[in-house]
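# fold the following.
(4 chains)
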Protein chains: 4
Amino acid sequence: MKPVSVGIVGLGYWGPNWLRNFAIQEGCTLAWGCDMNVERVTKFARQYPATRFTKNVTDMLGDKSLDAVIIATPTSSHFSLAKAALEAGKHVLVEKPMTGTSKEAAQLVSLAKKQKKMLLVDHTFAYTASVQRIAEMSHEKKFGDLLYFDSTRINLGLIQKDTNVLWDLAIHDLTILAAIRDLSHVTEVLAIGSAHYGTHVEDAHLHLTFTGGFAAHIHASWLSPVKIRKTLIAGRKAMITYDDIEPSEKIRLYDKGIDHDDTKPDPFFPKYRSGDVLIPALPMTEALSTEAKHFLECIRGNEKPIVSGEDGMRMVRILELANESLKKHKPVKTGF
Amino acid sequence: MKPVSVGIVGLGYWGPNWLRNFAIQEGCTLAWGCDMNVERVTKFARQYPATRFTKNVTDMLGDKSLDAVIIATPTSSHFSLAKAALEAGKHVLVEKPMTGTSKEAAQLVSLAKKQKKMLLVDHTFAYTASVQRIAEMSHEKKFGDLLYFDSTRINLGLIQKDTNVLWDLAIHDLTILAAIRDLSHVTEVLAIGSAHYGTHVEDAHLHLTFTGGFAAHIHASWLSPVKIRKTLIAGRKAMITYDDIEPSEKIRLYDKGIDHDDTKPDPFFPKYRSGDVLIPALPMTEALSTEAKHFLECIRGNEKPIVSGEDGMRMVRILELANESLKKHKPVKTGF
Amino acid sequence: MKPVSVGIVGLGYWGPNWLRNFAIQEGCTLAWGCDMNVERVTKFARQYPATRFTKNVTDMLGDKSLDAVIIATPTSSHFSLAKAALEAGKHVLVEKPMTGTSKEAAQLVSLAKKQKKMLLVDHTFAYTASVQRIAEMSHEKKFGDLLYFDSTRINLGLIQKDTNVLWDLAIHDLTILAAIRDLSHVTEVLAIGSAHYGTHVEDAHLHLTFTGGFAAHIHASWLSPVKIRKTLIAGRKAMITYDDIEPSEKIRLYDKGIDHDDTKPDPFFPKYRSGDVLIPALPMTEALSTEAKHFLECIRGNEKPIVSGEDGMRMVRILELANESLKKHKPVKTGF
Amino acid sequence: MKPVSVGIVGLGYWGPNWLRNFAIQEGCTLAWGCDMNVERVTKFARQYPATRFTKNVTDMLGDKSLDAVIIATPTSSHFSLAKAALEAGKHVLVEKPMTGTSKEAAQLVSLAKKQKKMLLVDHTFAYTASVQRIAEMSHEKKFGDLLYFDSTRINLGLIQKDTNVLWDLAIHDLTILAAIRDLSHVTEVLAIGSAHYGTHVEDAHLHLTFTGGFAAHIHASWLSPVKIRKTLIAGRKAMITYDDIEPSEKIRLYDKGIDHDDTKPDPFFPKYRSGDVLIPALPMTEALSTEAKHFLECIRGNEKPIVSGEDGMRMVRILELANESLKKHKPVKTGF
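Residues are numbered from 1 along each chain as shown, chains lettered A, B, ... in the order given. Below you'll find the model as predicted:
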């Protein structure tokens, strides 16, 4: 089988991790690296002698033998780079958020379809062992009917200058949420927040209403004295907590819930169930390695995208609606 | 000095605690106990031989020498009992929530004023060592300008049949909140929630907007696998967490925050400050004993009510507005 | 079936708990209470009107219809009271430590045998849901071969004037230890410790060597800034922690251990196994109630003592040897 | 000022960290790297083009302009390499344990003295911000008279084939201990332990008796289901815990202790003091960087070694005595 030829554009913060991971994937050639910064180009060229490095993305996209492109540049350039790559007939994996607007995201989705190329968005959490286990449990109906999702992602800083805390932090919680419930079932978005230091909202709550009574709530903040990354998922059969700060005991499955007491005449008489807690052992895998492998398998036609262009577009749309809700100061309908 | 003569009506769940605490207060006579249930009356009469017990509240209120009445009955009877007690010229301490409606609360406030009697509402948290220390720190400007208040009070059950989780649990967070910010400055109330088992909202978020950019957010739930009682208060100078589940280390004061970096040309360039954490030793006092003593001192004219009738009324009003917001599905103005 | 008639001597700290628990046991009459302190006698006589109370233990022991006696007096009087009770033909449950010396304990064991009466020692931990679950797991061979037991019981105070920290605190760890391994297999006792405030050792380590390579280590201290009550039990198949401070998650069963890697030529090549963690739900029972019921069942011949006179005697012997080791400053043989 | 010329021998596990740290120290030239493994030599030669790399340590030691040597090879070669380096007139920083025997260590100490060269031992913990803060507090008499030191360093694996758990893990606790008390005051060493999988003790307790009533206890284990790195230091004025697993709140200073109650006639009547807890902010420095800088300052004559050859020798001696105690099964005198 011919190896997949991969190129990475953007070698600043996240790109080097892609270099490292694609360099060791089987059935793959790390063909190109690209960054506008000459120093970076020089440095990585030394480190990866078998890979071509360039300042000029057209060099890379012009290579007929290149199959796929990873876009790890700042958000503002995602759209134009992904468009160019798809037009050049490359498969694309683009950093989150996929684009600055959902309109651009929609264009990319159409283009990928037309070009018959893979378009994936790098929502890294979807590839962690924790979130994959949660998705698996959800698929196996371990939770029963879902009641609510509640996630807290707060710490002190780093305040971003060009975006608010929802686009920066809550996007991770949305990724976790997507593991248990299709985001196309969100009917309404409500966001509340405030800015005290910069110009964008720094402490925010995002509330998503789904069809069928399920709701998700996310608290994201750059202004907390304590660092918390904790998600609660409550279902009728079981409940789960996911604490990403815990070094090894990240997921706890609670055999807890409320049952109807059938011995009582009252139609509703709650009987609280409080059984064992299970902390499953999780494999020690690097999410990015899992994701790199998955991208290659999608290109080979062996797997379906875990986070497709449509998924990435929906995330962007929800965040846009969150911004709209922040401005209008009331809930807004998604129209999904 | 003549001892204050005290009577307690309602000897079910909370009333016995009042009996025990007033029985040992100095400068006070535990004169009456009252409950419609004969068994309780008999039982407590044996335990407190120096106190008169009755099934009939008019017996108690008819006692000219009685100075003050504690009302520890279910909420539905608070208004009529408090009204009767004030009309009989007694000082009143009534359980939270003060009344079922803010209109009734307002009547009681007027009546107390007219009768020149003390009217206090038992929001017990206001008398805990933790909350009193928080109030003290706030008064000493330890936090600097307040940014936000965020409180989580969640656990599994007990689902109430006649009220929602905000009236049952979030009322405690409102009490803690009142220790640092006057609730008359709330401009808007937003509540979101859902009911999955009973008929009243079981999992809810309450968001209060204050004048001047401060906001408070409360998550209250009867549907959580884990029990959390945690409050975060962020100010520009310091931040605090209050974890009521911790047996002894309830309050943590963080010398953390964001400062402007004056060495940078940019008008805003954040400098994150992360200093020591202090866990203050707190006295091991029973809140109810502190409160009983305070009520007596208010009657003697030595102290001002920490939770007055106006305060209790405002709590009821905020919870009414929360119910309205839940129904209308959008924020509502307080008109305070 | 004739109810068992029970009397309790010693109504100071622990005795009232026995009154409360035996008063509600089925198939049992709380016949007598006894204490040298008149005030206590008067107070409990009022509270338990169906029970006879006396200052004079001979009154109680002289009652032919009395079946069993609970001895909850200070240790110094355990021997004479238990002896008198057994001689009077009563079954006996005596507080821990059983006696001040193992010689006395041995006399009681012989006497009970001769009198054909039950003799139990109140090592309360043996009746907690946690320790009973540990005993059950051990019995089911959940741990595999036992490797070691390590227990820490430290906090600030309360320094005892007439005994050292091993007799006061480590005795609880010995009780937990006895749930997984017969203490008659202890071959050697080593104790190390120091006294800084009073005259008896306040911070101590106790190390027990068992037949077959198993060892137990206990750290007991009245001089720790933090309160810890944590026991580790390591076996070849599984490991357990028991944290008695945890309100509900007291026991954690770890599917962890070291296996031999059979694929390696080396006779020993470790393969570390790190599987799920299970936190079993435990019933919310009061240990003393379980113990009271058990004592009654032993008297009725339906159960065998969980902590017999022999068991209590062995604990006293181990603590005596610990004192000897402290003095000699080296390990001492048990001669068991 | 002429830069100090530094060479590093041993580029396996720890050596590369030294390369990285000395490469960026001011006033220092990273002149040489040396390892018997050619691949390593080649790899690092590419990474550090300004540094000479060799397979042959005599090349390096023969360089007259080389001032100092870091020895990061396995313990068995420490003595011969350090000896050769000192004889060649180089300052030496050698990994812990300094040597395999205290006799060898003593020879090195003499030789360094004779050669008038610095001889330091890399006990890295001594250079962590936590331990330096503890040393500082101790120096400032924050703890008052020291009562005891208790340290636990347990986890699952990695079982070493050529040494026991005391030489592997407890050596870190000895380093922490040395920050508050001079190890030359140890009068007696007691070690107990057992081996279940390999041939060397895997679970051990080490007890050190000091002059003046102070004692230190260390529990080190490769056989624990949970990872614990916790040290308690109790003094008459204050107590401290140091938890190295905590990401940021490593040290807690407790204003706790026992005072004599002067109001009581009894010569000893304990009054338990339980004041605030302080968690000091610690700088985010890398211990190895601090240590590299310190070594250079020692060479320049500006600082005195924090862990001198004598200190390293004493550690080795204590561990030798621990092995002896394990074998003799009783405490052994140090003769310090």
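# low-confidence stretches in the stretch 51-200 of chain A?
For the stretch 51-200 of chain A, no stretch has pLDDT under 70.
# can you map out the helices along it?
Secondary structure of the stretch 51-200 of chain A by DSSP state H, counting those that start in this stretch: the helices cover A:57-61, A:78-87, A:102-115, A:129-139, A:165, A:171-178.
# out of those, deepest packed?
Burial of the helices of the stretch 51-200 of chain A is given as mean neighbour count (mean count of other CB atoms under 10 Å in any protein chain shown); helix A:165 ranks first at a mean of 25. For every residue, glycine as well, the C-beta is placed using N, CA and C.
# now do that one: everything it contacts.
Residues from elsewhere that reach helix A:165, judged by CB atoms under 8 Å, 6 or more residues apart in numbering or on different chains: A:193, A:200, A:201, A:202, A:203, A:204, A:220, A:221, A:222.
# any chance of JSON lines for the residues you listed, columns distance to chain C?
Below are those laid out as JSON lines (distance: CB to the nearest CB, whole Å):
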{"residue": "A:193", "distance to chain C": "35"}
{"residue": "A:200", "distance to chain C": "40"}
{"residue": "A:201", "distance to chain C": "37"}
{"residue": "A:202", "distance to chain C": "35"}
{"residue": "A:203", "distance to chain C": "31"}
{"residue": "A:204", "distance to chain C": "32"}
{"residue": "A:220", "distance to chain C": "29"}
{"residue": "A:221", "distance to chain C": "28"}
{"residue": "A:222", "distance to chain C": "32"}
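# columns secondary structure and neighbour count on top of those, output as TSV?
What follows is these, written out as TSV (DSSP: H, G, I helix; E, B strand; the rest coil; neighbours: other CB atoms under 10 Å in any protein chain shown):
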residue	secondary structure	neighbour count
A:193	strand	24
A:200	coil	21
A:201	coil	23
A:202	coil	24
A:203	strand	24
A:204	strand	25
A:220	strand	28
A:221	strand	26
A:222	coil	27
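# the top strand by length along chain A to helix A:129-139, inter-axis angle?
For chain A, the strand with the greatest residue count under DSSP state E is strand A:223-235. Angle of strand A:223-235 versus helix A:129-139, following axes from the mean of the first three to the mean of the last three CA atoms, to 10 degrees, is 30 degrees.
# just checking, what packs against strand A:223-235?
With contacts defined as 3 or more CB pairs under 8 Å, 6 or more residues apart in numbering or on different chains; DSSP states H and E, the packing partners of strand A:223-235 are strand A:146-156, strand A:239-243, strand B:223-235, strand B:239-243, strand B:251-260.
# any chance of the helices of the stretch 51-200 of chain A in a markdown table, plus distance to residue B:9?
Putting those into a markdown table (distance: least, CB to CB, whole Å) gives the following:
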| stretch | distance to residue B:9 |
| --- | --- |
| helix A:57-61 | 80 |
| helix A:78-87 | 68 |
| helix A:102-115 | 61 |
| helix A:129-139 | 51 |
| helix A:165 | 50 |
| helix A:171-178 | 49 |
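# what bridges to residue A:204?
Assessed by DSSP bridges, residue A:204 has beta-bridge partners residue A:193, residue A:220.
# got the residues of the stretch 1-150 of chain A near chain B?
A:147, A:148, A:150 (CB under 8 Å from any CB of the partner chain).
# and the stretch 201-336 of chain A, by the same measure?
Checking the stretch 201-336 of chain A against chain B by CB under 8 Å from any CB, the hits are A:203, A:205, A:207, A:213, A:215, A:217, A:219, A:221, A:223-226, A:232, A:234, A:236, A:239-241, A:254, A:256-258, A:268, A:270, A:272, A:274, A:329-331.
# can you do 7 Å?
Within the stretch 201-336 of chain A, the positions lying close to chain B (CB under 7 Å from any CB of the partner chain) are A:203, A:205, A:207, A:213, A:215, A:217, A:223-226, A:232, A:234, A:239, A:241, A:254, A:256, A:258, A:268, A:270, A:272, A:274, A:329-331.
# got the confidence number for residue A:261?
pLDDT, residue A:261: 69.
# ditto for the one 3 residues further on
Residue A:264 carries a pLDDT value of 70.
# quickly note the distance from it to residue B:157.
Residue A:264 sits 15 Å away from residue B:157, going by CB to CB, to the nearest Å.
# more crowded one of the two?
Taking neighbours as other CB atoms under 10 Å in any protein chain shown, residue A:264 and residue B:157 compare with residue B:157 leading, 15 against 11.
# that one against residue B:224, yeah?
No. Using CB atoms under 7 Å, residue B:157 is not in contact with residue B:224; the gap is 9.7 Å.
# switch the helices and strands packed on strand A:223-235 over to a markdown table; also include mean neighbour count and distance to residue C:324.
Shown next, in a markdown table, are the helices and strands packed on strand A:223-235 (neighbours: other CB atoms under 10 Å in any protein chain shown; distance: least, CB to CB, whole Å):
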| stretch | mean neighbour count | distance to residue C:324 |
| --- | --- | --- |
| strand A:146-156 | 22 | 56 |
| strand A:239-243 | 21 | 49 |
| strand B:223-235 | 22 | 47 |
| strand B:239-243 | 21 | 46 |
| strand B:251-260 | 20 | 46 |
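# rebuild these as JSON lines, extending it with distance to residue A:189.
Shown next, in JSON lines, are those (distance: least, CB to CB, whole Å):
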{"stretch": "strand A:146-156", "distance to residue A:189": "14"}
{"stretch": "strand A:239-243", "distance to residue A:189": "23"}
{"stretch": "strand B:223-235", "distance to residue A:189": "22"}
{"stretch": "strand B:239-243", "distance to residue A:189": "29"}
{"stretch": "strand B:251-260", "distance to residue A:189": "28"}
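# I'd like to know which of those is closest to residue D:185.
strand B:251-260 (37.2 Å; CB to CB).
# measure the nearest residue to residue A:16 once chain neighbours are set aside to chain D for me?
In this structure, residue A:16 finds its nearest non-sequential neighbour in residue A:44, 7.3 Å apart by CB to CB, 6 or more residues apart in numbering or on different chains. Residue A:44 sits 14 Å away from chain D, going by CB to the nearest CB, to the nearest Å.
# so residue A:44 makes contact with residue A:19?
Yes. The criterion here is CB under 7 Å, and residue A:44 meets it with residue A:19 at 6.4 Å.
# between these two, which contacts overlap?
residue A:33 (CB atoms under 7 Å, 6 or more residues apart in numbering or on different chains).
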